[in-house]
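Peer 1: for reference, the sequence and a predicted model appear below.
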Amino acid sequence: MMKTRGFELVTAYQDTGLTLPVRSTAHAAGYDFSAAETVILQAGEIKLIPTGIKAYMQAGEVLYLYDRSSNPRKKGLVMINSVGVIDGDYYGNPDNEGHIFTQMKNITDGVVQVTKGERIAQGVFVPYLLADADDAAGTRVGGFGSTGN
Ligand SMILES: O=c1ccn([C@H]2C[C@H](O)[C@@H](COP(=O)(O)OP(=O)(O)OP(=O)(O)O)O2)c(=O)[nH]1
Ligand SMILES: [Mg+2]
């Protein structure tokens, strides 16, 4: 099959029984991402939850990672960066291969557990536009602050 856009398991998670993101209904926009590991968040704590997934896509495309609407009320968690922007050149980067993490905050005053395999976020592929005279040419080496301040 020709590779256009999609998901792959990160090397370290290949034999863990983790499955690739899928949409739950025929017209759903979001591919559901699950936690690759069980993670405990203390009250107020922010943690990066590994998904074990990397995403490839075409030039001019981005994967937006969105919170699930049920997370705040049902889990007491919010994606604290609001929306995750997963760049096309994050895939295969030398630092972490393109491993996608969701950045979650426990908004309760108790402990919250995210269990391995539990759905935690959703990814939507979207085309984006360039501004006039755009000449960006750098190469991504990682994520989470890798391009400087
Ligand atoms: O929720 C997120 C947000 C980002 N990323 C990864 C993919 C993205 O391509 C990279 C960089 O994200 P962003 O540009 O938003 O973060 P930054 O703080 O600007 O870091 P950098 O300097 O590496 O660009 O981190 C995730 O895995 N999950
Ligand atoms: Mg950035």
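Peer 2: Sure thing, it's come through. Ligands and ions are numbered 1, 2, ... in the order given.

Peer 1: so what's residue 45 closest to, chain neighbours aside?
Peer 2: Spatially, and ignoring its direct neighbours in sequence, residue 45 is nearest to residue 106 (5.2 Å; CB to CB, 6 or more residues apart in numbering). For glycine as for every other residue, the C-beta is placed from the backbone atoms N, C-alpha and C.

Peer 1: now do the strands in this protein.
Peer 2: 6-9, 31-34, 39-41, 46-50, 53-56, 61-67, 77-79, 83-86, 101-106, 112-114, 119-127 (DSSP state E).

Peer 1: about what we covered before: the residue nearest to residue 45 - how many residues pack around it?
Peer 2: Burial of residue 106 is recorded as 23 neighbouring residues (other CB atoms under 10 Å).

Peer 1: ok, it touching residue 43?
Peer 2: Yes. Under the criterion of CB atoms under 8 Å, residue 106 is in contact with residue 43, at a separation of 5.9 Å.

Peer 1: so how far is ligand 1 from the spatially most central residue of the chain?
Peer 2: For the chain, residue 100 is the residue whose C-alpha lies nearest the centre (CA atoms, centre = their mean; 4.1 Å). Computed as CB to the nearest ligand atom, to the nearest Å, the residue 100 to ligand 1 distance reads 4 Å.

Peer 1: check residue 85 too.
Peer 2: With distances taken as CB to the nearest ligand atom, residue 85 is found 5 Å from ligand 1.
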